[in-house]
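**Student:** okay, here's the prediction I keep looking at, along with the sequence it came from:
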Amino acid sequence: MACHTANMPFRALKLSYPTEIEAESSGINKESYPLKSKIRFEFPAREGLQPATFWWYDGGNPKPDHPYEHDGNNKPPKEATADVEALMEKVPGSGCLLIGDKGKLFSPDDYGARFFIKLKDEKELTDGKNHDAVKAIAQTIPRNEHQGDGDKRHHLEWITACKGGPAGYSDFDIAAYLTEIILLGCVALRVGKKLEWDGIAMKARNAPEAASIVRREPRKGWTLG
């Protein structure tokens, strides 16, 4: 779900290739993802924006009676999520929290359609749609003309693009780029050490062993056209 959950911060913060990716987990094998992992991405300054740290948390500890299921307790530190708990009584199973010098922005699901804001001089998170900070910003992102109230027909945007219409909002130039960056977390998990990443060359400067994960060699007799 990371490409859904992280879509908002990646677009809003104009995140480019990270310079470092470091992951820790409860243990990983070649067949599946771990029950619990925490991944750190470091992004350099870009387009006049300050360097940023992006954290991904998933999973939790194994349940006593179901060792292959987790309890979902792997969440950001309490000091970061105190406002979220005050708003919702608990940290939800998915969501995105942006913390900056001037305040916080929190979305309680994977899609960013609903969000809450708290500026530094405010006591609690409040509905972003009614916040003065949002009202002061002009709308620049085009809305999906196929999207009705509660009617998620975004597949029609894709069909319209296939028929020669305008490109979808998540066109390949952004979707593929975001997916590539998020998957670096999986590479760091499998390599088992911090990666010093060269995004243009698509390789880890300090971990040549990552190359076989980034680009797989097809079996003898098979080629990619």
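**Tutor:** That came through, no problem.
**Student:** buried sites along the lengthiest helix in the chain?
**Tutor:** Longest helix in the chain, counting residues (DSSP state H): helix 172-191. Within helix 172-191, the residues that count as buried by 16 or more other Cβ atoms under 10 Å are 178, 181, 182, 184, 185, 186, 187, 188, 189, 190, 191. (Glycine included, C-beta is placed from N, CA and C.)
**Student:** pLDDT weak spots in the chain?
**Tutor:** Residues of the chain meeting the criterion pLDDT under 70: 147-152.
**Student:** the residue of it most remote from its centre: helix or strand, and which one exactly?
**Tutor:** Note on the chain: the largest C-alpha distance from the chain mean falls to residue 221, namely 37.1 Å (Cα atoms, centre = their mean). Using DSSP states H and E, residue 221 is not contained in any helix or strand.
**Student:** what of residue 39?
**Tutor:** Using DSSP H and E, the element containing residue 39 is strand 36-43.
**Student:** report all helices and strands that that strand contacts.
**Tutor:** Contact here means 3 or more Cβ pairs under 8 Å, 6 or more residues apart in numbering; DSSP states H and E; on that basis strand 36-43 packs against strand 20-25, strand 52-59, helix 172-191.
**Student:** could I get the ones you listed in CSV, plus columns for distance to residue 214?
**Tutor:** Formatted as CSV, the helices and strands packed on strand 36-43 follow (distance: least, Cβ to Cβ, whole Å):
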stretch, distance to residue 214
strand 20-25, 12
strand 52-59, 19
helix 172-191, 6
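**Student:** and residue 50, how far from residue 175?
**Tutor:** Per Cβ to Cβ, to the nearest Å, residue 50 is found 26 Å from residue 175.
**Student:** over to residue 80?
**Tutor:** 28 Å.
**Student:** before we move on, what about residue 49?
**Tutor:** Distance, residue 49 to residue 175, using Cβ to Cβ: 22 Å.
**Student:** contact partners of stretch 120-127?
**Tutor:** When contacts are defined by Cβ atoms under 8 Å, 6 or more residues apart in numbering, stretch 120-127 is touched by residues 83, 84, 86, 87, 102, 103, 104, 106, 116, 117, 118.
**Student:** please apply the same query to stretch 200-207.
**Tutor:** With Cβ under 8 Å, 6+ apart, stretch 200-207 has contacts from 17, 187, 191, 193-198, 210-211, 214-215.
**Student:** what comes up buried for stretch 85-102?
**Tutor:** Neighbour-count burial for stretch 85-102 [16+ other Cβ under 10 Å]: 87, 91, 95, 96, 97, 98.
**Student:** export the strand holding residue 39 as CSV, just CAs?
**Tutor:** Below are the C-alpha coordinates for strand 36-43, written out as CSV (Å, rounded to 0.1, in the frame of the first residue of the first chain):
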residue,chain,number,x,y,z
LYS,A,36,7.3,-6.0,11.0
SER,A,37,9.6,-3.5,9.4
LYS,A,38,10.7,0.1,9.7
ILE,A,39,12.4,1.9,6.8
ARG,A,40,14.2,5.3,6.7
PHE,A,41,14.7,7.3,3.5
GLU,A,42,16.8,10.4,3.5
PHE,A,43,16.0,13.0,0.7
